[in-house]
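*Asks:* after the sequence you'll find the predicted model.
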Amino acid sequence: MHKDDQMTPMERLNGFLTGGEMDRLLAMPLICSMSGKAAGMTHKQKRATGRSEADCQIAAYNRFGNDLLITEYGLHTVGKALGTEMGDPEDAVPHITHNILQDLDKADELDFERVLPQNSPDAQKHLECARILTQEMGSEVPQGTLICGPFTAVASIMPTEVLLRAVRKRPDVVHNLLRKCTDVLKELHNAFIAEGSMILFCEPIATGSIANPKEYLEFVQPYTKELMQNIHDHSGIVCYHICGDTKKIISYMVETGPDMISIDNRVPLEYAKDLVQPYMPLVGNVDPVEKMILGTPEEVDEACKKCIQIGYDCAHGYILCTGCDLNGDVPLENLDAFMAAARKYGKMPVGPANWE
C-alpha cells in the first residue's frame, strides 16, 4: 500500500462497488503501454514474457500506488493470431505492417481457432501476466485486461480503410467477421475473468471520428451487448472505452450494459456526466498528451483537480483516469503528480473544501 494512502486499492474498490467506506476517490491512470519505463525496461523487453509484463505493472504500482494493474492483450492480437504482420520496435507499441485479409472474398479462409486462448501464444503470455498479478498482488490491488472490441478486432484483420468501405459495400462480410470475432472474444474474456481480471473493453475504431452513429448501431452495438452479457454471465466486471469524439454515441454505449464507461479527453466531462451518471459510474478523462506527456506536474495537478470537481458527485460514482492509454514519453513525475492530486482533491469526503 502506498505510504500516503489509508486503504489498499482492493479495499477502496470494494467500498466503491458496495457503497462502503473509501479514503479517497479511485485513481486509475492507464499505465499500460508505458509501464516498462517504471521498471527500466524498453517496450520490447516488457512485452517479451508474461513475467516481464507483470513485473512492469508491479514496479509502476510500487511507485505510484495507482488503483489498477493492467494486462495488455491489446488491440491487434486477434489479427496477429490470424496472420497479420506486426512491427517489432524496441521502445514503442508494435504496429500493423500488413493485414492478413486483403481480399474480402477470402474471409472464410481465416482459421479463428488460432485466436482461442489455448491456441494463441500471445494470449497465453498475457494470461500468464494476469495469473501472476492475481497471485502476487491480487489481495492488495485489482487488475484488468485491456482487450479490443469486435469492430477493432476486424480492423486488425483487414486495413481500416477497407473495413470502412466494406461497411457500405460488403456488409455481409463485415457481419460474418464480427460474428467470428465476437465468439472468440467471449472465450478470451472468459479466460481472463478466470484469472481474476476485469475487462477493459476498448473499441477505438468505433469512434465517432471514424464511424457514424448509424454504423455504430448496426455494426458495433449488437455484438457489444452480447459480449457485455457474456462478461456478466461469467461474474466479470467491464469498463467500456471508445477513443476520440463519442458525443453522438455515448447514450448508445450506455445501452450496451457495461459496469462503467470511460471517456476520452476529446469529450467534455460535463457532457458525458449528464448522459452516464444516471446509469453507471463515469471514468475519465485527463488529457494523456497535452497534460500527461507535454505538461508540467503543476498542469497535471490542475487537470486532475478540474476532473474531480466535475465528476466527484456523479450519482453512481466517479473514477479519475486518463482519457486514453499513456505512452512511453510520459514523465514519471507527471504520474506522481496525478496520484498526488487524486489523494489531495479526492480525499473523502470529497467536496469544495478539498480545493478552495
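*Replies:* The structure has been received and is ready for your questions. Numbers count the residues shown, from 1 in each chain.
*Asks:* who are the packing partners of the helix or strand where residue 129 lies?
*Replies:* Secondary structure assignment for residue 129, by DSSP states H and E: helix 121-137. Of the remaining helices and strands, those touching helix 121-137 by 3 or more CB pairs under 8 Å, 6 or more residues apart in numbering; DSSP states H and E are helix 50-64, strand 69-74, helix 77-82, strand 143-148, helix 171-194. Placement of C-beta: from N, CA and C, glycine included.
*Asks:* how far off helix 171-194 does that helix point, in degrees?
*Replies:* Interaxial angle, helix 121-137 versus helix 171-194 (axes from the mean of the first three to the mean of the last three CA atoms, to 10 degrees): 30 degrees.
*Asks:* what's in contact with helix 121-137?
*Replies:* 49-51, 53-54, 57-58, 61, 69, 71-73, 77, 80-81, 115-118, 143, 145, 188, 191-192, 195-197 (CB atoms under 8 Å, 6 or more residues apart in numbering).
*Asks:* just to revisit the earlier point, from the helices and strands packed on helix 121-137, which stretch is densest packed?
*Replies:* Counting by mean count of other CB atoms under 10 Å, strand 69-74 has the highest mean neighbour count of these, with a mean of 27.
*Asks:* report the angle between that one and helix 50-64.
*Replies:* Relative orientation of strand 69-74 versus helix 50-64 (the same axes, to 10 degrees): 140 degrees.
*Asks:* strand 69-74 pairs with which strands, and in what direction?
*Replies:* Strand 69-74 has the following sheet partners, assigned by DSSP bridges: strand 143-148 (parallel).
*Asks:* mind checking the pLDDT average for the strand it pairs with?
*Replies:* On average, the pLDDT along strand 143-148 is 98.
*Asks:* same question for stretch 27-42.
*Replies:* Rounded mean pLDDT across stretch 27-42 is 95.
*Asks:* and what of stretch 105-122?
*Replies:* Averaged over stretch 105-122, pLDDT sits at 98.
*Asks:* I'd like the numbering to begin with 45 instead of 1 from here.
*Replies:* Yes, from this point I'll number from 45; that puts the last item at stretch 149-166.
*Asks:* tell me the buried residues in it?
*Replies:* Across stretch 149-166, burial judged by 16 or more other CB atoms under 10 Å covers 151, 154, 156, 158-159, 161, 164, 166.
*Asks:* now the residues you listed as TSV including distance to residue 320?
*Replies:* As requested, the buried residues of stretch 149-166 are arranged in TSV below (distance: CB to CB, whole Å):
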residue	distance to residue 320
151	36
154	36
156	33
158	37
159	31
161	32
164	34
166	33
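*Asks:* make a markdown table out of the helices and strands packed on helix 165-181 and add distance to residue 365.
*Replies:* Below are the helices and strands packed on helix 165-181 laid out as a markdown table (distance: least, CB to CB, whole Å):
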| stretch | distance to residue 365 |
| --- | --- |
| helix 94-108 | 13 |
| strand 113-118 | 11 |
| helix 121-126 | 23 |
| strand 187-192 | 12 |
| helix 215-238 | 20 |
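*Asks:* out of the ones you listed, which gets nearest to residue 320?
*Replies:* Set against residue 320 and scored by CB to CB, the helices and strands packed on helix 165-181 come closest in strand 187-192, at 18.7 Å.
*Asks:* what residues does that closest one touch?
*Replies:* Counting contacts by CB under 8 Å, 6+ apart, the residues touching strand 187-192 from outside are 74, 76, 101, 112-122, 170, 174, 177-178, 181, 200, 229, 232-233, 236, 240-247, 283, 369.
*Asks:* how far is it from where the chain is centred?
*Replies:* 6 Å (CA atoms, centre = their mean, to the nearest Å).
*Asks:* then stretch 122-141?
*Replies:* Averaging C-alpha positions (CA atoms, centre = their mean) puts stretch 122-141 19 Å from its chain's average.
*Asks:* show the backbone phi and psi for residue 339.
*Replies:* phi -80, psi 170 (degrees, to the nearest 10).
*Asks:* likewise residue 327?
*Replies:* The phi/psi pair for residue 327 (degrees, to the nearest 10) is phi -130, psi 130.
*Asks:* beta partners for the residue nearest to it when sequence neighbours are not counted?
*Replies:* Of all residues not flanking residue 327 in the chain, residue 306 sits nearest, at 4.0 Å (CB to CB, 6 or more residues apart in numbering). On the basis of DSSP bridges, residue 306 is bridged to residue 285, residue 327.
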